[in-house]
Structure formats: structure tokens, C-alpha cells
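Asks: Sharing a sequence plus its predicted fold:
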Amino acid sequence: MKKRTIFPYQSQELNTIFEEAGNNAKVMCIPIDYAKKEHVVMFCNGHGNILRKPFPIKNSPKGIEYLTQQVLSSCHHRGIDPKYAFFGGEDVGSYAENFINTLRSGGWIVAGVNAHDAKKQRANVQASTDVLDLMGIASMLLNRRANCSPAQTGIYRNLRSLTRHRKKLVDMSTEEKNRIYTVVDQIFPGFLDEKNTGISPFSNSSLYLMADRFSPAQIRRRKRQKLIDTLRRYGTVKPEVSADKLQLYAAHILNTPTEYLSALQISLAQHIKHFKCLQESIEQLEKEMALWLAQTQGAFLTTLRGIGIVLAAGATAEIGDPTKQKPVANLVSYSGIIPRVKQTGGPEGQTRTGKVSKRC
């Protein structure tokens with residue numbers, strides 16, 4: 001059970017290490033300044049005394065092997081039990097994730113500290129060197145202001161990766177839509193307005209027409225019956241009405257100069273291909289998200305009206321395993337669904353309750 005303390009941001013895992021060791025001199029803290037090729041490492045004890053000056057470690061299997069050998073050797077030399085040794089560094093970048101995961105899989109405790117808070121602990125806030133960074137990280141670790149548990153692990157981490165990747169693809173798809181709108185407005189102004197043509201924008205019918213030598217003249221030259229058959233084949237609800245409306249509209253707009261039309265058509269066709277590719281990728285990711293979501297408690301969210309696979313997967317991925325998260329009060333505050341309260345002047349002082357945050 002988590003202990004109540006006036007230091008809510010201290011790591012319970014690090015507190016346990018210091019308590020079980022019984023003496024800060026019997027604790028080894030190993031701050032790491034992560035980098036892409038070579039990390040910088042330092043050894044110090046629980047009192048903050050430097051046991052080994054900063055030295056480089058390769059971001060490779062050999063680097064991890066050498067580091068663990070040095071830690072074990074230093075612990076043996078100073079009579080420190082290796083179970084009271086722990087690593088820590090600023091929030092790790094993608095280039096060092098495998099390094100950290102390998103250490104954790106070896107049974108070592110690896111803590112993460114907030115980079116902004118670690119900067120405040122440096123002796124010189126204005127300057128930035130590997131040694132100064134390590135001192136700031138070490139100070140945070142010895143004050144036990146760190147997080148030893150990754151936000152998400154296992155299924156929840158995989159689900160978070162998929163949901164965030166999907167979000168990026170949706171953003172790219174939106175950007176591609178805007179580019180398509182720009183080109184279409186030059187070739188066939190108003191085509192992507194359903195009121196003008198009777199065809200839903202970015203439907204299968206509209207995408208097919210835009211990808212094939214698209215222009216008002218080409219639409220006018222199409223035989224009515226063939227155009228109707230095409231629209232019906234690609235899912236248009238009322239193909240006859242849409243075909244008549246489209247050809248009528250095509251006859252009453254300004255045409256692009258012939259010398260520019262070919263280049264615009266090629267550009268539009270490539271944008272359409274890219275857009276379709278993004279849509280296929282998004283659909284595939286949503287299927288994978290559904291499979292991972294089904295293995296979590298978050299699957300029950302889909303039983304609520306208005307919550308589908310995407311929303312349920314996103315919420316579940318960001319919250320993580322509910323059995324390993326902070327109290328519900330912290331989660332409610334983070335979600336922004338409770339008002340901000342301000343109170344001063346003693347127990348009988350006036351309490352002011354603000355509005356609910358807009359983060360939700």
C-alpha cells in the first residue's frame with residue numbers, strides 16, 4: 001500500500017531502497033546523461049559523495065555490459081549490495097529507449113526525472129555541460145523526485161504507440177485533403193461542394209473522378225449512362241440525379257487555361273494516391289487498435305453510448321493500467337473535469353471555486 005507523505009512527488013521505489021539500506025553510504029546512485037552515441041555516467045552514494053567521476057558509455061550492448069560490470073565491481077569494492085544500486089536520467093528519448101529497456105530487463109531499477117526540474121538543480125542554470133547535467137540529475141535522484149515506473153508497459157504501451165501513430169496519419173490525411181482542395185479549386189471550382197454536384201466530397205465516387213484526367217470538359221464529354229453506372233458502382237446514392245447535376249454544373253464554370261491543366265491533373269492524381277494510401281493505413285491501424293483494446297479493461301468503454309474504438313483506445317492508452325496509476329483524484333484533476341479551488345485565511349477563510357478546466 002502506498003504510504004501517505006508530505007512529499008507526494010517522491011518515488012516510493014527509491015524511498016524503499018534508502019529505507020532498506022539503512023545507511024545512505026550503502027546506496028549507489030548512477031545518474032546518466034543520455035545521448036545518441038555515447039552516454040555520460042557518474043557514480044555517487046546516497047550522501048551525494050562522488051564515487052567515480054563522469055565517464056562515457058557506448059549506446060550499445062557492449063556499453064551496457066561494461067556499465068553493469070563497473071557497477072558490480074564498484075559495489076563489491078565499497079561493500080554495497082547491488083540491489084541498492086539504481087540508475088536514473090532525464091526523460092529518455094527514442095534513441096536511448098532500448099538502452100533503458102535492456103537495463104530494466106536485467107533487473108535494475110531505472111528512474112526518470114523531469115528535465116525542467118533537473119535543470120533547476122544545476123549549479124549553473126545558464127550553462128549546460130555533461131557534468132552540470134549529471135549533477136542536476138543526481139540531485140533529483142537523491143531527493144527521490146523521480147519516476148521508476150514507465151507510464152505504460154506491455155499491452156498499454158503498444159496501444160499508445162498505435163493510437164499516437166494513427167493520430168499523426170490523420171493529421172497527414174487532413175493536410176492532404178487541404179492540398180486536394182487547393183488543386184481542385186483551380187481545375188474544377190466547387191466540385192467538392194455536395195450542393196453543386198450531388199456527390200459527397202472525398203467519397204469513392206469523387207476520388208475516382210478526380211484521379212482520371214479530371215476537368216469540367218472531361219465531365220461534360222462523358223456519356224450520361226456511363227457516368228451514372230460509374231457513380232452507382234462507387235456507391236453514390238442517387239446516381240441519376242447526381243450525374244445530371246454534375247454535368248449541368250460543369251457547363252457553367254470557368255475553365256483552367258489549357259497550358260496549365262495537364263500539370264494540375266498530374267499533381268491532383270498523385271495527391272489522390274497519397275490520400276488513399278493514408279486512409280488504408282488508418283483503417284489498418286484501427287483494426288490493430290481494436291485487437292489490443294480487447295485485451296484491456298478499456299474495452300468496456302465501448303459499451304457507453306457515443307464511445308467507439310478510437311476514443312476508447314486513446315483514453316485507455318494514455319491512462320495506462322488502472323491498477324498502477326495514481327489515485328482517482330489525480331486522474332480527475334488531470335482530465336480537467338473538476339473546478340479549481342482557492343482557499344486562504346485559515347479553516348474559516350473564504351473558499352473560491354473557479355470554472356471547470358477546458359482540457360477535458
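Replies: Looks like it came in fine.

Asks: pretty sure residue 50 contacts residue 31?
Replies: No: when contacts are counted by CB atoms under 8 Å, residue 50 is not listed as touching residue 31 (10.4 Å). Where C-beta positions appear, they are placed from N, C-alpha and C, glycine not excepted.

Asks: Compare neighbour counts for those two and give me the winner.
Replies: It is residue 31, of residue 50 and residue 31, that has more neighbours when counted by other CB atoms under 10 Å, with 28 against 13.

Asks: thinking that one is in contact with residue 48, fair?
Replies: No: taking CB under 8 Å as the definition, residue 31 is not a contact partner of residue 48, at 10.8 Å.

Asks: residues bridging contact with these two, i.e. touching both?
Replies: residue 138 (CB atoms under 8 Å, 6 or more residues apart in numbering).

Asks: those helices in this protein, which residues are they?
Replies: 12-21, 61-78, 97-105, 115-120, 130-142, 154-187, 194-197, 204-211, 216-221, 224-233, 239-250, 258-293, 309-319, 328-335 (DSSP state H).

Asks: Let me know the angle separating the longest one from helix 204-211.
Replies: What that stands for is helix 258-293. Going by axes from the mean of the first three to the mean of the last three CA atoms, to 10 degrees, helix 258-293 is angled at 140 degrees with respect to helix 204-211.

Asks: by contact count, what packs against helix 258-293?
Replies: Secondary-structure packing of helix 258-293 (3 or more CB pairs under 8 Å, 6 or more residues apart in numbering; DSSP states H and E): helix 154-187, helix 204-211, helix 309-319.

Asks: Run the angle between it and helix 309-319 for me.
Replies: 60 degrees.

Asks: average pLDDT across helix 258-293?
Replies: The average pLDDT within helix 258-293 is 95.

Asks: Could you do the fifth one as well?
Replies: Mean pLDDT, computed over helix 130-142, is 89.

Asks: Pull out the CA atoms of that helix and give them to me as CSV.
Replies: Taking Å, rounded to 0.1, in the frame of the first residue of the first chain, the C-alpha atoms of helix 130-142 are listed here in CSV:
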residue,chain,number,x,y,z
ASP,A,130,27.6,17.0,-19.3
VAL,A,131,29.0,17.3,-15.8
LEU,A,132,26.4,20.0,-14.8
ASP,A,133,23.6,18.0,-16.3
LEU,A,134,24.7,14.9,-14.3
MET,A,135,24.9,17.0,-11.1
GLY,A,136,21.3,18.1,-11.6
ILE,A,137,20.1,14.6,-12.4
ALA,A,138,21.9,13.2,-9.4
SER,A,139,20.4,15.9,-7.1
MET,A,140,16.9,14.9,-8.3
LEU,A,141,17.5,11.2,-7.8
LEU,A,142,18.9,11.7,-4.3
